[in-house]
Each structure stands twice: as structure tokens, then as C-alpha cells.
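Asks: predicted model and sequence follow; I will ask about them next.
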Amino acid sequence: MANYNPASLDPAEFINNEEILATIEYAEQNKNNVPLIDSILQKARPVKNGNGCTCQGLTHREASVLLACDIPEKIEEIYKIAEEIKQAFYGNRIVIFAPLYLSNYCVNGCVYCPYHLKNKHIARKKLTQQEVEAEVIALQDMGHKRLAIEAGEDPKNNPIEYILECINTIYSVKHKNGAIRRVNVNIAATTVENYRKLKDAGIGTYILFQETYHKESYLKLHPTGPKHDYDYHTTAMDRAMEGGIDDVGLGVLFGLELYKYEFAGLLMHAEHLEAAHGVGPHTISVPRLKRADDIDPDEFDNGISDEMFAKITACIRLAVPYTGIIISTRETEETRSKLLRLGVSQVSGGSRTSVGGYTTEERPHDTEQFDVSDQRSLDEVVKWLMDNGHIPSFCTACYREGRTGDRFMSLCKSGQIINCCHPNALMTLSEYLEDYASPETKAVGYKMVETELEKITNFKVKDIAIQNITDIRASNRRDFRF
Ligand code: SAM
């Protein structure tokens, strides 16, 4: 860690093509090796440790063997362990967020993205600060507290100063009881200096999808523009961490390349961050390629079935137990339901993927990035989660209390989540129920809050949580958090 220098970092040192190919071969050779599979499953299981639980996680080779395995009983076991890990570290809470598209101006040539420079029929739009404010008010009126801002890469139209100004505007909007308490950022790879500016602006997670770890394909899929530089893109998280950002979010766009390759690459990237910076990725997103303006997903050869998608998610859960998994509204309600059980910890809700999409009555398509499959309102998503036994959480406390990076991981491992994240989830859910929920959602919600409060083991914490929820219900709010 001490001698580490991101400027001279060669991504081939940690995303090594030969190692990925050897991993895929090793996994293929061992996919029916039951003793090996059993030992890997044993290693993946959560182990009780005092009040808490620990998990060793898996190496990219071990996890790749599980991914290759097609013995039905073993796959069932993978799913069962994924559920156990999810329950042990995240309980039944699901964190809610929404994307906010700031600008679709882009100078890159990414062949799978409708924002690519050559697409002349998509309307180009960039929000003014007044429009950002209006979008934020609309998002606050839905009940959102956590956003992920999205923008194309365009140094003239969307320079870092523009992004910083937008972040500032977002945090400054206080409409009724609303507030955006955490802004995550999904913008193109940039410099250490710019990451430091983002950190100073108070961002939560910096998210950047690798799209594909396969260098040759990457170069073809990103034929022009600054994003063509595979090495610069692949070392972005190192620069972000060098710039002081503790929480980074990885992801690949499934459908572009062979999923086995991406899976191994993704885990090698996580292993590298852990080794080089002492902390792995805060989140991993699992987006799948979608239809969009000028984009036909059928033209890409590597689409994955829903079954394989579920298996990939479960294997990620086993490999990196302390990393959150995010699933967006690219997926249908049905797919999201299945994946929530297998380890997903964050979902978006009520999303619109167009620039300025939250302030129009109808869902606009002219500036949209991709088709949204789950088009339900946030209220419907919240109720659906609760009907399925999940607690929708609007909590942003860790980041505001400085529990980022390894400090969050130690909270996870100490078993204190039930006395910290759990009451925070219930208090923020109560805020949502009081301020934004429909009568049906409110009724289901308060029943859930009552039952879930009983699970808090520390009596003092429980008393404080009950008092705060009583205050919230009496509209005497405190924005209290553990
Ligand atoms: N411009 C930023 C960059 O270069 O990374 C990121 C912002 S972009 C709005 C967010 C992500 O959307 C991309 O990283 C890509 O994975 C995803 N995306 C692009 N086209 C897509 C499509 N047709 N279907 C699904 N996701 C897509």
C-alpha cells in the first residue's frame, strides 16, 4: 500500500488477460469437482463471531468455479448461502435511490450508448441550475433522499465545475420536509485533482462502470473520444481513492462481452482495490444492456439469460460479502424480486433516465438513456418491497457520520448493524411514510416499523428509535441518526 503510485499504475497488473483466461479454463475443468465446490461453499458461509458474523469472501478463481458449476443442488446451495450472507450483513433492509440525469452531451463514441457523439437524432439537453432545482424538488416530493447523478462526458458542456455546481444546488434545495442527503456521482473517469474536488463537494460514492474488462473489445466498443483510453478508464478508481474518495462503485455492462470474462475481471478489480487501498468497492452494480435510441441490444452477441444473471449476482454476493449490490430499473419487477433475495442491497425506484424527466407529467423519451423496465412509482416500489418482507431504507447516516470505506466494513463485521442501520432504516422509512406515502403504503409501513423495532437488541437504542418515530409521526422531526 505504501509504495503505491496511481500515475504509473499499469492495469494489466491487476486485470491480467492471461489470468482471466486461465481462470475461465480452471473453472470449466472444475465445474463438476464436487469436493472442490463443497470446500468453496464452506469457505463462503458466514461464521458467527461474538455478536457479529464474519465472511472470508472468495477469490476470483473460487467464485468462477461456482459460476461455472451447473449441478442443480450446488446452485441451490449457492443461492441459499447468498441469502444467508445478505441476511447476516444487511438484514432485510434495501436502500433506495434515484438517478438524476444532468446532461446527455457527450463526446465519446460508445457504440452501445445512445448518447454517443454520432447520434444526431437524440435531443441534447443540459439542465440549468434552475432546472436542477426543479428536478430535485420533484424527487424530494416523491420522497427521495439519495441520488446518483449521471452525465455524459463533454469537457465543454459538462466540465467538472458544472458537476460541482449541480452538486451544490442539489444539497441546497430544502423543500417542505425534503432534503437530498447523499449525492453519488456517475461521471466519466477523471483526474486525481477533480476527484478531490468531488470529495470536497461532499459526494457519497463515486460510481464508474468498466463496461467491459476485455481490453480488445473495450477498444472496439469505445472507438472514439477520451473513453477510448482503456488504461485511463481502468485506473480511475485508483485516482478516485488517491483523491480521498473512500467509497467507489464498480460495475460492468452485461451483454457486451462474455459474462465469465467480466465476472473474473470484476472480482480481480475488487481484489486490487482491497490490496492497494485497504478497502474494496463499496458497491457493485449489475446493469444489463438495454434497448435505446439508435441502440438495438440484439446486435450485441453476449446477452445473458435471467437465470445466469441471478447466478452471477449470487456468486458476487458470496465473493465480496461486504460490498453492496445495486440493481436498477433496467430490470423488471420480476427479475428485481428474485435478485433482492440473492444479495442485492440497493434499488432505484421511480426512475427516469432522461434529462429533465422528473418535471414532466408523461415519461419523456427524447433524451432518454435507456428503456426503463420497472416503471412503477416510488410509492409502489416501497409498498412492493414491504409486501415482500424488505424494509425500504432512506438512510444516509454512514456517509454523514463519516462511516465510509473500511469504517463501514467494520460496522458490518461487528454485528452492530441491528443497533445502527436497522433503527436508522426504520426512522427514515417513518419519515417517508409520514411525508410522502399513500394511505395503503402508510398502513403497511407502520405495521412493519412496529414489528421491526422489536428486533433491536440494545434497549437504549430501541427507546431512542421509538421516541424519534413518535416525534416524526407528530410532525416534530429531528433527522436523528445513529
Ligand atoms: N458518462 C459516464 C461514463 O463514461 O462512465 C457515465 C454515465 S452513463 C450515463 C451511465 C452508464 O449507463 C454507463 O456507464 C453505461 O454502462 C450505461 N449504459 C449506457 N448505454 C446503455 C444501454 N443501452 N443500456 C443499459 N445501460 C447503458
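Replies: Received, thanks.
Asks: and stretch 168-177, which residues are buried?
Replies: Within stretch 168-177, the residues scored as buried using 16 or more other C-beta atoms under 10 Å are 169-171, 173. No exception for glycine: its C-beta is placed from N, CA and C like everyone else's.
Asks: meant to ask about stretch 198-208
Replies: Neighbour-count burial for stretch 198-208, with 16+ other C-beta under 10 Å as criterion, is recorded at 198, 201, 203-208.
Asks: endpoint to endpoint, that stretch covers what distance?
Replies: Terminal residues of stretch 198-208 lie 14 Å apart, using C-alpha to C-alpha, to the nearest Å.
Asks: so, in contact with the ligand or not, that stretch?
Replies: Yes. Using C-beta under 6 Å from any ligand atom, stretch 198-208 reaches the ligand at Leu208.
Asks: contacting residues around that stretch?
Replies: Stretch 198-208 has contacts (C-beta atoms under 8 Å, 6 or more residues apart in numbering) with 146, 148, 160, 163-164, 167-168, 171, 182-189, 195, 233, 236-237, 240, 243-245, 247-251, 282-283, 285, 396, 399.
Asks: tell me how far it is from the chain's mean position?
Replies: 14 Å (C-alpha atoms, centre = their mean, to the nearest Å).
Asks: now that stretch: average pLDDT?
Replies: The average pLDDT for stretch 198-208 rounds to 98.
Asks: kindly report the residues of the protein close to the ligand.
Replies: Residues of the chain lying near the ligand (C-beta under 6 Å from any ligand atom): 112-113, 150, 152-153, 186-188, 208-209, 211, 227, 253, 287, 289-290, 292, 295, 330, 369-370.
Asks: now intersect those with the strands, please.
Replies: If you go by DSSP state E, the residues of the chain next to the ligand have 150, 186 in strands.
Asks: contacting residues around the spatially most central residue of the chain?
Replies: Relative to the mean C-alpha position of the chain, the nearest C-alpha, by C-alpha atoms, centre = their mean, is the one of Ile326, at 3.5 Å. Ile326 makes contact with 249, 251, 283-286, 344-348, according to C-beta under 8 Å, 6+ apart.
Asks: now, of those residues, which are buried?
Replies: Neighbour-count burial (16+ other C-beta under 10 Å) applied to the contacts of Ile326 gives 249, 251, 283-286, 344-348.
Asks: would JSON lines of these with secondary structure be doable?
Replies: Converted to JSON lines, those look like this (DSSP: H, G, I helix; E, B strand; the rest coil):
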{"residue": "Gly249", "secondary structure": "strand"}
{"residue": "Gly251", "secondary structure": "strand"}
{"residue": "Thr283", "secondary structure": "strand"}
{"residue": "Ile284", "secondary structure": "strand"}
{"residue": "Ser285", "secondary structure": "strand"}
{"residue": "Val286", "secondary structure": "coil"}
{"residue": "Val344", "secondary structure": "coil"}
{"residue": "Ser345", "secondary structure": "coil"}
{"residue": "Gln346", "secondary structure": "strand"}
{"residue": "Val347", "secondary structure": "strand"}
{"residue": "Ser348", "secondary structure": "strand"}
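Asks: about what we covered before: got a PyMOL select line for the buried ones in the contacts of stretch 198-208?
Replies: Selecting only the buried entries of the contacts of stretch 198-208 in PyMOL, with 16+ other C-beta under 10 Å as the criterion:
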select buried, resi 146+148+160+163+164+167+171+182+183+184+185+186+187+188+189+195+233+236+237+240+243+245+247+248+249+250+251+282+283+285+396+399
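Asks: among the contacts of stretch 198-208, which are in strands?
Replies: Taking DSSP E as the definition of strands, the contacts of stretch 198-208 contribute 146, 148, 182-186, 248-251, 283, 285.
Asks: of all the contacts of Ile326, which comes closest to the ligand?
Replies: Comparing those against the ligand with C-beta to the nearest ligand atom places Gly251 closest, at 6.9 Å.
Asks: what sits against the closest one?
Replies: By C-beta under 8 Å, 6+ apart, the residues touching Gly251 are 207-210, 266, 284-287, 326.
Asks: about what we covered before: which of the buried ones among the contacts of Ile326 lies closest to Lys48?
Replies: Nearest to Lys48 among those, counting by C-beta to C-beta, is Ser345 at 20.8 Å.
Asks: you'd agree the closest one is up against Asn92?
Replies: No. Counting by C-beta atoms under 8 Å, Ser345 sits too far from Asn92 to count as a contact (10.4 Å).
Asks: give the buried residues for the worst-scoring helix or strand of the chain on mean pLDDT.
Replies: For the chain, using mean pLDDT, DSSP states H and E, the weakest element among its helices and strands is helix 405-414, scoring a mean of 76. By neighbour count with 16+ other C-beta under 10 Å, helix 405-414 contains the buried residues 405, 408-409, 411-414.
Asks: just the C-alphas of that helix, formatted as PDB.
Replies: Extracted C-alpha coordinates of helix 405-414, given in PDB (Å, rounded to 0.1, in the frame of the first residue of the first chain):
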ATOM      1  CA  GLY A 405     -14.600   2.900   3.400                       C
ATOM      2  CA  ASP A 406     -13.200   0.500   6.000                       C
ATOM      3  CA  ARG A 407     -15.100   2.100   8.800                       C
ATOM      4  CA  PHE A 408     -18.400   1.000   7.200                       C
ATOM      5  CA  MET A 409     -16.900  -2.500   6.700                       C
ATOM      6  CA  SER A 410     -16.100  -2.800  10.400                       C
ATOM      7  CA  LEU A 411     -19.600  -1.800  11.400                       C
ATOM      8  CA  CYS A 412     -20.800  -4.600   9.100                       C
ATOM      9  CA  LYS A 413     -18.400  -7.100  10.800                       C
ATOM     10  CA  SER A 414     -19.200  -6.100  14.400                       C
END
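Asks: so which elements touch it?
Replies: strand 52-54 (3 or more C-beta pairs under 8 Å, 6 or more residues apart in numbering; DSSP states H and E).
Asks: run through who's touching the following helix or strand past the strand it packs on.
Replies: As assigned by DSSP states H and E, the chain's next helix or strand after strand 52-54 is helix 60-68. Contact partners of helix 60-68, identified using C-beta under 8 Å, 6+ apart, comprise 23-24, 26-28, 30-31, 33, 36-37, 40-41, 43-44, 58, 74, 78, 260, 263-264, 267-268, 271, 311-312, 315-316, 318-319.
Asks: how is the chain divided into domains?
Replies: Here the domain parsing of the chain from automatic domain parsing is 11-88, 89-375, 418-473.
Asks: show the end-to-end separation of stretch 102-120, please.
Replies: Taking C-alpha to C-alpha, stretch 102-120 runs 19 Å from one end to the other.
Asks: residues of it that come out buried?
Replies: 102-117, 119.
Asks: and for stretch 320-335?
Replies: If you call a residue buried by 16+ other C-beta under 10 Å, then stretch 320-335 has these buried ones: 320-331, 335.
Asks: which one of the buried residues of stretch 198-208 sits closest to the ligand?
Replies: Distances from the ligand to these, taken as C-beta to the nearest ligand atom, are shortest for Leu208 (5.4 Å).
Asks: next up, phi/psi of the closest one, please.
Replies: Backbone torsions of Leu208, given as degrees, to the nearest 10, read phi -150, psi 120.
Asks: give me the pLDDT value at Pro364.
Replies: 84.
Asks: which stretches in the stretch 151-300 of the chain count as helices?
Replies: 160-172, 192-200, 215-221, 230-234, 236-242, 259-277 (DSSP state H, counting those that start in this stretch).
Asks: with distance to Ala68 added, can I get the ones you listed in CSV?
Replies: CSV is the format used below for those (distance: least, C-beta to C-beta, whole Å):
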stretch, distance to Ala68
helix 160-172, 41
helix 192-200, 36
helix 215-221, 21
helix 230-234, 25
helix 236-242, 27
helix 259-277, 7
